[in-house]
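S.K.: Task: produce atomic coordinates for the following.
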Amino acid sequence: MARMAARATQEALSDLLKHVVETGETVLVRRGRRDVAAVIPMADLRRYRRLLRAWEDRYWSHAGRVALARFEASGEQPIPWEITQRKRRR
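M.R.: Numbers count the residues shown, from 1 in each chain. Take a look at the predicted model:
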């Protein structure tokens with residue numbers, strides 16, 4: 001992973017993009033001593049998005065199972081469908 005100063009990035013954006021496309025390398029952009037941005041290949045972005053969606057699906061699926069188990073353990077009765085629809089129409 002390469003690092004590049006923000007000022008150099010502004011001056012050489014075309015070369016930076018060409019480098020990322022050709023090498024598949026991620027380039028971190030620094031301002032002072034801090035990394036402030038990254039230029040990544042599209043394939044990496046697509047992979048990160050797929051991983052994030054998969055993680056979110058697992059998280060919410062687990063959260064739903066936990067909530068259902070808590071509800072069932074509480075002994076409460078569910079609200080009948082008809083009542084939920086009447087309240088919604090108001």
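
S.K.: Now do the helices in the protein.
M.R.: Shown for the chain, the helices assigned by DSSP state H span residues 6-11, 13-23, 42-74, 81-89.

S.K.: Just send those back as JSON lines, with mean pLDDT and mean neighbour count too.
M.R.: The C-beta positions use only the backbone N, C-alpha and C, and glycine is treated the same way. Formatted as JSON lines, the helices of the chain follow (pLDDT from 0 to 100; neighbours: other C-beta atoms under 10 Å):
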{"stretch": "helix 6-11", "mean pLDDT": "68", "mean neighbour count": "13"}
{"stretch": "helix 13-23", "mean pLDDT": "89", "mean neighbour count": "13"}
{"stretch": "helix 42-74", "mean pLDDT": "96", "mean neighbour count": "10"}
{"stretch": "helix 81-89", "mean pLDDT": "74", "mean neighbour count": "8"}
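
S.K.: Please tell me how far the residue most central in space within the chain sits from Y59.
M.R.: Taking C-alpha atoms, centre = their mean as the criterion, L52 is the residue nearest the geometric centre of the chain, at 4.9 Å. The gap separating L52 from Y59 is 10 Å, by C-beta to C-beta, to the nearest Å.

S.K.: before we move on, what about R30?
M.R.: R30 is 32 Å from Y59, by C-beta to C-beta.

S.K.: ok, how many other residues are close to the closest residue to A5 other than its chain neighbours?
M.R.: Using C-beta to C-beta, 6 or more residues apart in numbering and skipping residues adjacent in sequence, the residue nearest A5 is R30, 5.5 Å away. Neighbourhood size, R30 [other C-beta atoms under 10 Å]: 16.

S.K.: I'd like to know which of the helices of the chain is closest to D35.
M.R.: With C-beta to C-beta as the criterion, D35 lies closest to helix 6-11 of the helices of the chain, at 10.1 Å.

S.K.: Distance-wise, check L13 relative to E22.
M.R.: 15 Å.

S.K.: How about S74?
M.R.: Using C-beta to C-beta, we find S74 at a distance of 59 Å from E22.

S.K.: same question, F71
M.R.: 55 Å.
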